[in-house]
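*Asks:* Next come a sequence and a model predicted from it.
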Amino acid sequence: MPKLDIPNAKDDELVRAAQKGKMEPYEELVHRHRDKIYARAFSMMRNEDEALDLSQEAWVKGWQRLKQFKHNASFTTWMTRICINLCLDYLRKKKRRQTDSLEQMEEEAGGVERRMPIEEYNPTETVEREELREQIDVALAKLSYEHRTVLILHEFQTLEYKEIAKAMHCSIGTVMSRLFYARRRLANLLIRLKKERRI
């Protein structure tokens, strides 16, 4: 059987190869259609962070349920349906939460933190290199395993999304999402450490 020419293969061929457990054809499908799925999520959520999270979750679910795909509709139609269902579930839960107290709702949704401006951190202004390295180590230690790993692999070992996804057994979309949150959290932690040092 000839080897599948992934970049030039049709979606249906990629899906059939991925249904046999091959990750590479699925990554190609993610690459081809992630913008479309994200756009659908954004059209429903009207919030970039939520749309990113839910579109990444849709790709994870797509991979988990791929064997259930019967090829009686296009792959993108099937993926869009998964994405829409996730968005609807999320919106239903959000609506239920709005009946709780505002304080509790903010806590559950991470609302306050989500609206915090992303402060830019310029380490070269005041902190010596050694001191900065020490602060980065302290801040990295406070991140979750997933966020710390993806940040180290991308920023310090300069691996590409595809390589990180393979190493961490997750989708490229999940890598992008984790990297986005890890960078923001690290910047905020470094700012806090910097302020503590001044006290």
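*Replies:* Structure received.

*Asks:* Next SSE downstream of the helix or strand bottoming out on mean pLDDT in the chain?
*Replies:* When each helix and strand of the chain is scored by mean pLDDT, DSSP states H and E, helix 111-115 comes last, with a mean of 43. The first helix or strand that comes after helix 111-115 along the chain, using DSSP states H and E, is helix 129-142.

*Asks:* Other residues contacting that next one?
*Replies:* Contact with helix 129-142 is made by 123, 127, 148, 151, 152, 186, 189, 190, 193, 194, as judged by Cβ atoms under 8 Å, 6 or more residues apart in numbering. Backbone N, C-alpha and C define where each C-beta goes, glycine included.

*Asks:* If we go by neighbour counts, what in the helix ranked longest in the chain is buried?
*Replies:* Counting by DSSP state H, the longest helix found in the chain is helix 172-198. Going by neighbour count (16 or more other Cβ atoms under 10 Å), the buried part of helix 172-198 is 172-186, 188-190, 193-194.

*Asks:* Next, find the distance separating the closest residue to residue 159 other than its chain neighbours from residue 167.
*Replies:* Excluding the flanking residues, the one nearest residue 159 by Cβ to Cβ, 6 or more residues apart in numbering is residue 153, at 4.7 Å. Distance of residue 153 to residue 167, computed by Cβ to Cβ, to the nearest Å: 7 Å.

*Asks:* what residues are shared contacts of the two?
*Replies:* With Cβ under 8 Å, 6+ apart, residue 153 and residue 167 have common neighbours residue 159.

*Asks:* The two - which one has more neighbours?
*Replies:* residue 153 (19 against 14; other Cβ atoms under 10 Å).

*Asks:* That one: what's it in contact with?
*Replies:* Applying Cβ under 8 Å, 6+ apart to residue 153 gives the contacts 159, 163, 164, 167, 168.

*Asks:* For ChimeraX, write the select line for the buried members of those residues.
*Replies:* The buried residues among the contacts of residue 153 can be selected in ChimeraX (16+ other Cβ under 10 Å) with this line:
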select :159,164,168
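
*Asks:* quick one, the helix or strand residue 38 falls within and helix 172-198 angle?
*Replies:* Assigned by DSSP H and E, residue 38 falls within helix 23-45. With axes from the mean of the first three to the mean of the last three Cα atoms, to 10 degrees as the basis, helix 23-45 and helix 172-198 are set at 70 degrees to each other.

*Asks:* Please list the residues outside helix 23-45 that contact it.
*Replies:* Contacts of helix 23-45 (Cβ under 8 Å, 6+ apart): 4, 6-7, 9, 11, 13-15, 17-18, 48, 50-52, 54-55, 58-59, 62-63, 66, 75-76, 79-80, 83-84, 86-88, 90-91, 162, 165-166, 171-173.
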